[in-house]
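J.: sequence below, structure please.
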Amino acid sequence: MSSILPKQDADGADAHTATTAGKNDTFLDQTLRPASWDEYVGQEGIKNNLHILITAARERQNPPEHILFYGPPGLGKTTLAHLIARELGGALRSTSGPAIERVGDLAALLTNLQPGDILFIDEIHRLSRSIEEVLYPAMESGALNIIIGKGPSARTLELPLPPFTLIAATTRVADLSAPLRSRFSGGVFRLEFYSEDDIAQIVRRSAKILGVEVEEGGVREIAKRSRSTPRTANYLLKRARDFAQLKRAPLSKSIVDESLGMLEVDALGLTPLDRKLLTVLIERFNGGPAGVGALAAALAEEPNTLSEVHEPFLLQLGLIERTPRGRVATKAAYAHVGKDAPADLTERLL
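T.: Numbering: from 1, shown residues only. Okay, the predicted model is just below:
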């Protein structure tokens, strides 16, 4: 038990945050979120552009123009929105695309904003087109146009809005309509996967907040299996922490390896479904090419689950390739599942 108790670090940092985190595990994701730009690791190009945008807007005493973040889940889109709000000193009003079901929901959000507030809409691609139409003038001219009544007696009511910044996030930027994308004049930024060194830095910081005694080998093992994603790294750290707590041991490489082995997360960070996808592609479809629909049917999974959750990481690792005829397993995939690659593999990848 003593191995995971909060400690005061060598720099004299107070362990109060770690104690609070230990007592409130329900809110750990919020606790581990970076509270300043210095704590936010990675995405240097985006941070530099945001610094210019925010600094220039502050000098003009205007809110920054609207911003869109997109990319796979868990890379820090929501965290960036919180940091921008903190930097500007405005309140952050958060919602999501599915939560805005009617025009009245959007009107209530916009009319309750104060000057300089940040409105954050997560998964904005799930807004209905009718709500998008109302959002356009709000973003472009700072006015909310509401139609009152029906038929010949219908009239448009224009409500002026306070100056605000809309920050939106999406995992499917292609699903946004072109008119909506074009109104994010502050910038459209794609978040990239993280390097292993950046993930290791994030794991060290999270371990310090949690009060976990972690060895460098354990840090590197978690970083290697984190799918290049901070959210996954923090999840693996918390589960390895639980295992180390019961073992009364620090988070060494062997403890991390054993705990993540119980979660069936292998040395590359692949989950059971990742490995099953590779195995089915190689054994049932002879390595491909195979369409995502056929793979989904063979795995009894939704096609979107494969294409949006599992495929991006397998592509990043070079375990599969997309060809005009479908998905093909690479030589690295055959090696990972312990199979010999066919002689005509190069031709299939063309």
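J.: distance from the chain centre to the host helix or strand of E87, please.
T.: Using DSSP states H and E, E87 falls within helix 77-88. Centroid separation between helix 77-88 and its chain, computed with C-alpha atoms, centre = their mean, to the nearest Å, is 14 Å.
J.: and stretch 298-314, by the same measure?
T.: 17 Å.
J.: would you mark the buried spots in that stretch?
T.: By 16 or more other C-beta atoms under 10 Å, the buried positions in stretch 298-314 come out as 299, 301, 306-307, 309-314. Yep, even glycine has a C-beta here, placed from its N, CA and C like the rest.
J.: JSON lines for those residues, including distance to R172 and pLDDT?
T.: Shown next, in JSON lines, are those (distance: C-beta to C-beta, whole Å; pLDDT from 0 to 100):
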{"residue": "L299", "distance to R172": "21", "pLDDT": "86"}
{"residue": "E301", "distance to R172": "18", "pLDDT": "85"}
{"residue": "L306", "distance to R172": "15", "pLDDT": "83"}
{"residue": "S307", "distance to R172": "10", "pLDDT": "81"}
{"residue": "V309", "distance to R172": "12", "pLDDT": "81"}
{"residue": "H310", "distance to R172": "16", "pLDDT": "84"}
{"residue": "E311", "distance to R172": "13", "pLDDT": "84"}
{"residue": "P312", "distance to R172": "12", "pLDDT": "83"}
{"residue": "F313", "distance to R172": "17", "pLDDT": "85"}
{"residue": "L314", "distance to R172": "18", "pLDDT": "87"}
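J.: what angle separates the following helix or strand past the helix holding E87 from helix 77-88?
T.: Downstream of helix 77-88, the next assigned helix or strand under DSSP H and E is strand 92-96. For strand 92-96 against helix 77-88, the angle by axes from the mean of the first three to the mean of the last three C-alpha atoms, to 10 degrees is 160 degrees.
J.: what sits against H66?
T.: Contact analysis of H66 by C-beta atoms under 8 Å, 6 or more residues apart in numbering lists 139, 165-168, 183-186.
J.: who wins for most neighbours among these?
T.: Using other C-beta atoms under 10 Å as the neighbour test, the contacts of H66 are led by A168, with 29 neighbours.
J.: apart from its neighbours in sequence, what residue is nearest that one?
T.: Among residues not flanking A168 along the chain, I124 sits closest, at 4.0 Å (C-beta to C-beta, 6 or more residues apart in numbering).
J.: the one you found is in contact with G97, isn't it?
T.: Yes: contact status for I124 versus G97: in contact at 5.0 Å, counting by C-beta atoms under 8 Å.
J.: mind listing the strands for this structure?
T.: For the chain, the strands defined by DSSP state E occupy 67-70, 92-96, 118-122, 143-148, 155-160, 165-170, 187-190, 320-323, 326-329.
J.: N286 and R327, how far apart?
T.: N286 sits 12 Å away from R327, going by C-beta to C-beta, to the nearest Å.
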